[in-house]
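> Curious how this folds, go ahead:
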Amino acid sequence: MLIRHLFLFEVIPMKSCFANIIFVLGMCVSLSPAAEPTVKEVRQRDGNSVIEITAADGCELASYTIDMARHHHPATGPDDKLVEKFRSWKFGAFLCFNSNQYSGAEFCTSKDPVKDFQPTALDVRQWIKTIKDAGMTYAVLTARHTSEFLLWDSATSRINVMNSAVKMDLVKEYVDECRKQGIEPGIYYCLWGSGWRPNPNARAIILAQLHELATRYGKIPYFWLDMPHHVGWLAKDLSQQEIYDALKNVNPDSIVMFNNTIGDGSVVKAFPTDVINGEMCSPPAKGHEPYRVVDGKRYYLPFEYEPCSQRRGTQLNGQWDFAGAAWFTYGSGKHFEASTPLPPAFLYQRIRIAYKRGANSVLLACAPDHTGLFRKEDVVQLVELGRMLNDPSLAPPESLAAGCKASSSGNWNPGYAADKAFDDNPATRWAGAKDTKSGWLEVDFGKSAMISKAVINEGWDRVRKFSLQYKVGEEWRNATEGTTIGANRELTFKPISARVFCLNITEATDAPTIWEFQLFEK
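Here you go, the predicted structure:
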């Protein structure tokens, strides 16, 4: 395969540039994946850096001058133009599409561009039309995730889309299509270089790759940078401030966000950043506080909430909103388990809570599967969710059980008491007593209520037999019953008027745990 680097964007011409290009196109062929280019940084006295890129055979590929001499800082108040721009976006698509769809792993490590990226029906136009039809205003594409596979034609590495089965600069296709359809194009980039995929030259490679992304495709309004502060990720000799400055000096109107990782944004873990985020976590119950003091100076940081639209398995990581959340969409027909789109009402509830607590925007992880297309069920999910968010008359009602008096057969400890299943907070839960494999969860409305629908969110798929009961005098009667519950189980039954309802779990593989137990009139 030919190395296709024509270097038309902000590249300093090399000596004998024409001859070198001919040499690249004519001679630099069929290199093994291990024959990566050499990326060298020459730091200048003025604070800038020159990045020089040379092929494994000595062919000079490119040179970038990166301005890191001028320093920048985040907004100090809500009237800042970047803050206003970010708040206007409101709802966006986190397009998690990379080699993960082909490996089946959320943290993919494979590095073969031919085997690891084989979409059969790639259609970027369909991606953007889908998210536009869902009422989204911006998108973020995973241009580089944990495998180091690049979705653009980079001079820095042969592990990129141009050496895959799809010889297409996907970042360019994506940015162009976003602009055609009126969507703000953002770019995700995974930072690394120490313990994770160690590379002693990570500093120069990161700076060069981000410079390519910032300069080749016009002004990029949003950079979403992952894992900057996590132990063993970012190169030890590269600071967040340097990355922030390098991007801002290309385009000061770019919003640059460093992932604060899983948490509710109460603590600023990554700085400088224009936005603070909650990855799979809503703002705290008391609400998001945008004013933050860092190193004695006060800044204004709006909040972005990032839930997942897909579920696969039952694993729960830290404070995530629900177990089994998957960033990537995994289609059927592969050697791994497919992912399932979550019900729009389930997602709406979490998004509604996030907005109520001060989130300025929601970036929903959703993507095409390994074919390169959004599946039909995912299109339906996103469009229905968008309609709920845009038209209050289509939104699902709030649970009548929220905040009502609750009791249970017992709990793991006081932090998992019965009321946690009725607090309208997807990040808290009731957990049954230790060493039990059954239990009951009861809610008292205080007066009779007409109920014909229940929605139950369970953790870890432990329940094997249950009944939904209501109380008549001192007698318990069954409204409905079932076997498993899972992450989101909807139950409908003939309308029942009662004051007290109970979820009676009679068989489970371990102590049962319920995130939310919701009851509705219809």
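
> contacting residues for residue 109?
The contact partners of residue 109, by C-beta atoms under 8 Å, 6 or more residues apart in numbering, come to 146, 147, 197. Heads up, the C-betas are built off the backbone N, CA and C, glycines and all.

> By neighbours, which of those wins?
In terms of neighbours by other C-beta atoms under 10 Å, the contacts of residue 109 top out with residue 147 at 24 neighbours.

> Go ahead and confirm that residue touches residue 110.
Yes. Using C-beta atoms under 8 Å, residue 147 is in contact with residue 110, at 5.7 Å.

> Now do the shared contacts for those two.
99, 103, 116.

> Okay, domains of this structure per the record?
Listed domain ranges for the chain are 81-394, 405-520 (source: automatic domain parsing).

> Redo these as a markdown table? Include distance to residue 73 and mean pLDDT.
Compiled in a markdown table, the domains of the chain are given as follows (distance: least, C-beta to C-beta, whole Å; pLDDT from 0 to 100):
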| stretch | distance to residue 73 | mean pLDDT |
| --- | --- | --- |
| domain 81-394 | 6 | 93 |
| domain 405-520 | 31 | 94 |
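
> Let's see if you can find the most crowded of the shared contacts of residue 147 and residue 110.
residue 99 (28 neighbours).

> For that residue, give me its contacts.
108, 110, 116, 117, 145, 147, 149.

> swap the cut-off to 10 Å and go again
105, 108-113, 115-118, 142, 145-149, 151, 159, 161, 164, 328 (C-beta atoms under 10 Å, 6 or more residues apart in numbering).

> And residue 466, by the same measure?
Residue 466 neighbours (C-beta under 10 Å, 6+ apart): 438-441, 456, 458, 480-485, 489, 491, 503-508, 512.

> Buried among the residues you listed? Need that as a selection in PyMOL.
Per 16 or more other C-beta atoms under 10 Å, the buried members of the contacts of residue 466 correspond to this PyMOL selection:
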select buried, resi 438+439+440+441+456+458+485+491+503+504+505+508+512
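
> What is the end-to-end distance of stretch 189-203?
14 Å (C-alpha to C-alpha, to the nearest Å).

> Looks like residue 492 contacts residue 482 (just checking).
No. Residue 492 lies out of contact with residue 482 (C-beta atoms under 10 Å); the separation is 11.8 Å.

> What's the local residue count around residue 57?
12.

> Phi and psi next, for it.
The phi/psi pair for residue 57 (degrees, to the nearest 10) reads phi -90, psi 10.

> how much space between it and residue 161?
The gap separating residue 57 from residue 161 is 22 Å, by C-beta to C-beta, to the nearest Å.

> do the same with residue 148
Taking C-beta to C-beta, one finds residue 148 at 12 Å from residue 161.

> Give the residues shared as contacts by the two.
98, 99, 113.

> Identify the residues contacting the nearest residue to the first one once chain neighbours are set aside.
Nearest residue to residue 98 in three dimensions, chain neighbours excluded: residue 145, at 4.2 Å (C-beta to C-beta, 6 or more residues apart in numbering). With contacts taken as C-beta under 10 Å, 6+ apart, residue 145 has the following neighbours: 96-100, 106-108, 151, 188-190, 192, 226, 327-328.

> Look up which helix or strand residue 127 falls in, please.
For residue 127, the host element (DSSP states H and E) is helix 124-133.

> swap that for residue 445, sorry
Judged by DSSP H and E, residue 445 forms part of strand 439-458.

> That strand pairs with which strands, parallel or anti?
strand 405-408 (antiparallel), strand 489-508 (antiparallel), strand 513-520 (antiparallel) (DSSP bridges).

> Check the offset of it from the chain's centre.
32 Å (C-alpha atoms, centre = their mean, to the nearest Å).

> Stretch 105-122 too?
On C-alpha atoms, centre = their mean, the centre of stretch 105-122 falls 19 Å from that of its chain.

> That stretch: which residues count as buried?
So stretch 105-122, judged by 16+ other C-beta under 10 Å, has buried residues 105, 106, 108, 110, 111, 113, 116, 117, 118, 119, 122.

> Likewise for stretch 251-260?
For stretch 251-260, using 16+ other C-beta under 10 Å, the buried residues are 251, 254, 255, 256, 257, 258, 259, 260.

> Mind putting the residues you listed into CSV with distance to residue 51 and secondary structure?
Below are the buried residues of stretch 251-260 laid out as CSV (distance: C-beta to C-beta, whole Å; DSSP: H, G, I helix; E, B strand; the rest coil):
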residue, distance to residue 51, secondary structure
251, 18, coil
254, 19, coil
255, 24, strand
256, 19, strand
257, 23, strand
258, 21, strand
259, 24, coil
260, 28, coil
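
> Show me the residue at the heart of this protein, geometrically.
residue 365 (4.6 Å; C-alpha atoms, centre = their mean).

> how about that residue, secondary structure?
Per DSSP: H, G, I helix; E, B strand; the rest coil, the local secondary structure of residue 365 is strand.

> again, but for residue 354
Three-state call for residue 354 (three-state DSSP): helix.

> Can you get me a residue count around it?
Using other C-beta under 10 Å, residue 354 has 26 other residues around it.

> hang on, it packs against residue 285?
No. Between residue 354 and residue 285 there is no contact under C-beta under 10 Å: 11.5 Å.

> any common contacting residues for the two?
residue 264.

> per-residue pLDDT, residue 4?
Here, the pLDDT recorded for residue 4 equals 33.

> same question, residue 46
89.

> Can you give me the neighbour number for residue 98?
28.

> Tell me which residues touch it, please.
108, 116-117, 141-151, 161, 170, 188, 190, 328, 367.

> please redo it, this time with the cut-off set to 7 Å
Taking C-beta atoms under 7 Å, 6 or more residues apart in numbering as the criterion, residue 98 is in contact with 142, 145, 147, 149, 151.

> hmm, which two among those are most spread apart?
With C-beta to C-beta as the measure, no two of those lie farther apart than 147 and 151, at 11.2 Å.

> buried stuff in the helix or strand encompassing residue 85?
Secondary structure from DSSP H and E places residue 85 in helix 81-89. By neighbour count on 16+ other C-beta under 10 Å, the buried set for helix 81-89 is 82, 83, 85, 86, 89.

> Considering those, which is situated nearest to residue 129?
Among these, and counting by C-beta to C-beta, the member closest to residue 129 is residue 89, at 18.2 Å.

> I'd like the shared contacts of residue 148 and residue 161 as CSV, with distance to residue 517 and secondary structure appended.
Below are those laid out as CSV (distance: C-beta to C-beta, whole Å; three-state DSSP):
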residue, distance to residue 517, secondary structure
98, 37, coil
99, 39, coil
113, 48, coil
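
> Just give me the closest of the residues you listed to residue 296.
Top of the list for closeness to residue 296, among the shared contacts of residue 148 and residue 161 and by C-beta to C-beta, is residue 98 at 39.5 Å.

> State the distance from that closest one to residue 209.
In terms of C-beta to C-beta, residue 98 sits 14 Å off from residue 209.

> How about residue 165?
22 Å.

> coming back round to it: which of the buried residues of stretch 105-122 sits closest to residue 293?
residue 106 (34.5 Å).

> Can you tell me the SS state at the closest one?
Residue 106 is classified as coil under three-state DSSP.

> Same question for residue 380.
Residue 380, by the three-state scheme (three-state DSSP), is helix.

> How many residues are close by residue 126?
Applying other C-beta under 10 Å, we find 16 other residues in the vicinity of residue 126.

> need the contact list for it.
By C-beta under 7 Å, 6+ apart, the contact list for residue 126 reads 373, 374.
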